[in-house]
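In: for reference, the sequence and a predicted model appear below.
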Amino acid sequence: MRLALFEPDIAQNTGTILRLAACLGVGVDLIEPAGFPIGSHAMRRAGMDYLDHVEMRRHSSFAAFAGWLAGETNARLVLLTTSAARPYTEFTFQDGDILLLGRESAGVPPEVHRRADARIRIPMRGGMRSLNVAVTAAMALGEGLRQTGLFPPDAPRSASP
């Protein structure tokens, strides 16, 4: 399972998602252009030293990402979108799923919607527009890892004083 970020706008959200990926042992595909310099101070601040522990693949465009994706045999592109009919809790995740998150300001364009193998949403109260993209990533990835049994083994923590 992987996360993919489509032309992210906000460095802090990207850093937070990269930290999430590092902690849970999943790779990230970053589809450019981004709305900030990759490796910017804000992104590194949000991701902290965890960024050194995440496998990140950069793609110069969605076309480049789609070309790479075509060579992946068991991959499904699963788009997280507020316009999906199916809640993520009713979706059956698979090991090779790539969870695609859109731009914070605009989501993804229609051609990316059409390319997705599945579209899922996080259920919300009426009148609410959307969740933060990093929160959405955490919720969907957590459910996907739970369903597929791909959570990393939990490491023991040192006791608090």
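Out: Everything's here; your move.
In: which residue ranges form the helices in this structure?
Out: Remark: helices assigned in the chain by DSSP state H are 11-24, 41-47, 62-70, 110-115, 133-148.
In: these: lowest mean pLDDT?
Out: Per-stretch mean pLDDT for the helices of the chain is lowest at helix 41-47 (a mean of 69).
In: roughly how far apart are residue 92 and residue 68?
Out: 24 Å (C-beta to C-beta, to the nearest Å). In this view, the C-beta of every residue, glycine as well, is placed from N, C-alpha and C.
In: those two - which one has more neighbours?
Out: residue 68 (13 against 9; other C-beta atoms under 10 Å).
In: mind pulling up the pLDDT for the nearest residue to that one once chain neighbours are set aside?
Out: Computed as C-beta to C-beta, 6 or more residues apart in numbering, the closest residue to residue 68 that is not its neighbour in sequence is residue 59, at 6.5 Å. You'll see residue 59 listed with a pLDDT of 97.
In: doesn't residue 33 make contact with residue 59?
Out: No: if you go by C-beta atoms under 8 Å, residue 59 and residue 33 don't touch, sitting 10.4 Å apart.
In: burial count for residue 121?
Out: Using other C-beta under 10 Å: residue 121 sits among 20 other residues.
In: tell me how far the residue lying closest to it once chain neighbours are set aside lies from residue 100.
Out: In this structure, residue 121 finds its nearest non-sequential neighbour in residue 84, 4.0 Å apart by C-beta to C-beta, 6+ apart. Between residue 84 and residue 100 the distance is 12 Å, computed by C-beta to C-beta.
In: just residue 82 next, same as before
Out: On the measure of C-beta to C-beta, residue 82 and residue 100 end up 14 Å apart.
In: more neighbours: which of these two?
Out: Between residue 82 and residue 100, counted using other C-beta under 10 Å, the more crowded position is residue 100 (28 against 14).
In: who are the contact partners of that one?
Out: By C-beta atoms under 8 Å, 6 or more residues apart in numbering, residue 100 lies in contact with 4, 6, 77-80, 108, 112, 116.
In: give me the neighbour count for residue 60.
Out: Residue 60 - counted by other C-beta under 10 Å - has 10 other residues nearby.
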